[in-house]
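**Q** pasting the structure only:
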């Protein structure tokens, strides 16, 4: 029995799994950089799944239950044929909520600088600089609007706190 184990260990196809849990996960899944790059169909799908879970579940309060996060993870991973862990979805939630909050803050602060047709802000560079000094999250809206504004509003409006996954 031990000889079989030694042969297995010495073969080139066998590697011992890492001892700590963090080393076993693909770190690229959970980085803020990858969360920030989520857009297009993947972002829309994520937001639509979150909204559906908020609308159909009995989750009360500001966030989603573990069961809802598990459904979102399963459907999202199946649709895009990828493997994302729950931490990734939590990171996306917090990042998108911060974007939505920055967007609403900017709407309240600028009023006349918002173009309702293009859903963008047209402000002089010095005003942008001043606003970004107050709230660095608004810098992302200097060149573009808020993607999927209606879904973001449905998900994050009136949610004052968030539940951790």
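**A** That came in fine, so what should we check first? Since we're looking at a predicted model, the values are computed, not measured.
**Q** please pull out the lowest mean pLDDT helix or strand from the chain.
**A** Counting by mean pLDDT, DSSP states H and E, the chain has its least confident helix or strand at helix 21-24, which shows a mean of 43.
**Q** which stretches in this structure count as helices?
**A** 2-10, 21-24, 32-36, 40-56, 66-80, 86-110, 125-134, 149-156 (DSSP state H).
**Q** mean pLDDT lowest for which of those helices?
**A** Ranked by mean pLDDT, the helices of the chain bottom out at helix 21-24, which scores a mean of 43.
**Q** before we move on, back to that, how about the helices of the chain in CSV, adding mean neighbour count and distance to residue 143?
**A** All C-beta spots, glycine's among them, are computed from the backbone N, C-alpha and C. Listed next are those as CSV, based on neighbours: other C-beta atoms under 10 Å; distance: least, C-beta to C-beta, whole Å:
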stretch, mean neighbour count, distance to residue 143
helix 2-10, 9, 54
helix 21-24, 8, 35
helix 32-36, 13, 14
helix 40-56, 16, 17
helix 66-80, 16, 27
helix 86-110, 18, 13
helix 125-134, 12, 10
helix 149-156, 17, 16
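**Q** out of those, nearest to residue 119?
**A** Minimum separation from residue 119 across these (C-beta to C-beta) falls at helix 149-156, 6.5 Å.
**Q** by contact count, what packs against the closest one?
**A** In this structure, helix 149-156 packs against helix 40-56, helix 86-110, with contacts taken as 3 or more C-beta pairs under 8 Å, 6 or more residues apart in numbering; DSSP states H and E.
**Q** so which of those comes closest to residue 74?
**A** helix 40-56 (9.8 Å).
**Q** give me the contacts around the closest one.
**A** Residues from elsewhere that reach helix 40-56 (C-beta atoms under 8 Å, 6 or more residues apart in numbering): 38, 59, 64, 68, 71-72, 75-76, 79-80, 89, 92-93, 96, 147-148, 151-152, 154-155.
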